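Student: Next come a sequence and a model predicted from it.
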Amino acid sequence: MPERKIRVLVAKPGLDGHDRGAKVIAAALRDAGMEVIYTGLHQTPEMVVNAAIQEDVDVVALSILSGAHMTLFPAVKKLLDDEGADFILITGGGIIPEEDMAALREQGIGKLFGPGTTTGAAVEYIRDWFAEHGRDRESVHQ
């Protein structure tokens, strides 16, 4: 049986109107063989989580440039946890100071990527995480 593709939801929560980076990472993940769902601009945490559950994703990747990362990442995590979907990796990137990245990691958020990070680094991180934590989707939904 062939190995299933990693499913990633790329989202732009909040009021940030710049999505070039999100589109670049979505294309890089797709080129790396992952199934990618891009939700578009101006998503609420609830919209992101609803899409993640509906699309049965392994990873939620948030792109946040607005400075609201300390609110939006924890909000998405709490909503996923409330839905029993705490097995979904939350990762992402944007303009996020290193000390905020560390604080978010302590709250259960995965690795975050800042400006200048190569798309290959994000692809490798997601692949490595999935190799270690990947789940059998059928067993979760029985």
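Tutor: Nice, I can see it.
Student: Show the pLDDT at residue 62.
Tutor: Residue 62 carries a pLDDT value of 98.
Student: Surely it forms part of a strand?
Tutor: Yes. Looking at residue 62 with DSSP: H, G, I helix; E, B strand; the rest coil, it is inside a strand.
Student: got the contact list for stretch 127-134?
Tutor: Where contact means C-beta atoms under 8 Å, 6 or more residues apart in numbering, the residues beyond stretch 127-134 that reach it are 6, 32, 58, 59, 87, 89, 91, 110. (C-beta placed from N, C-alpha, C; glycine too.)
Student: can you do 6 Å?
Tutor: Stretch 127-134 has contacts (C-beta atoms under 6 Å, 6 or more residues apart in numbering) with 6, 89.
Student: With residue 124 as the reference, measure out to residue 9.
Tutor: As for residue 9, its distance to residue 124 is 19 Å (criterion: C-beta to C-beta, to the nearest Å).
Student: Neighbour count for the two, which is higher?
Tutor: A side-by-side neighbour count of residue 9 and residue 124, using other C-beta atoms under 10 Å, places residue 9 first with 27 against 12.
Student: can you give me the strands for this protein?
Tutor: Under the criterion DSSP state E, strands of the chain are mapped to 7-11, 35-38, 59-64, 89-94, 112-113.
Student: name the helices or strands packed onto the third one?
Tutor: The contact analysis (3 or more C-beta pairs under 6 Å, 6 or more residues apart in numbering; DSSP states H and E) places strand 59-64 against strand 7-11, strand 89-94.
Student: Can I get that strand in CSV, CA atoms only?
Tutor: C-alpha atoms of strand 59-64 as CSV (Å, rounded to 0.1, in the frame of the first residue of the first chain):
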residue,chain,number,x,y,z
VAL,A,59,-0.8,20.0,9.8
VAL,A,60,-2.2,23.5,10.1
ALA,A,61,0.4,26.1,8.9
LEU,A,62,-0.5,29.7,9.8
SER,A,63,1.1,32.7,8.2
ILE,A,64,0.8,35.8,10.4
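Student: Pick the most buried one from the helices and strands packed on strand 59-64.
Tutor: Stretch with highest mean neighbour count among the helices and strands packed on strand 59-64: strand 7-11 (a mean of 26; mean count of other C-beta atoms under 10 Å).
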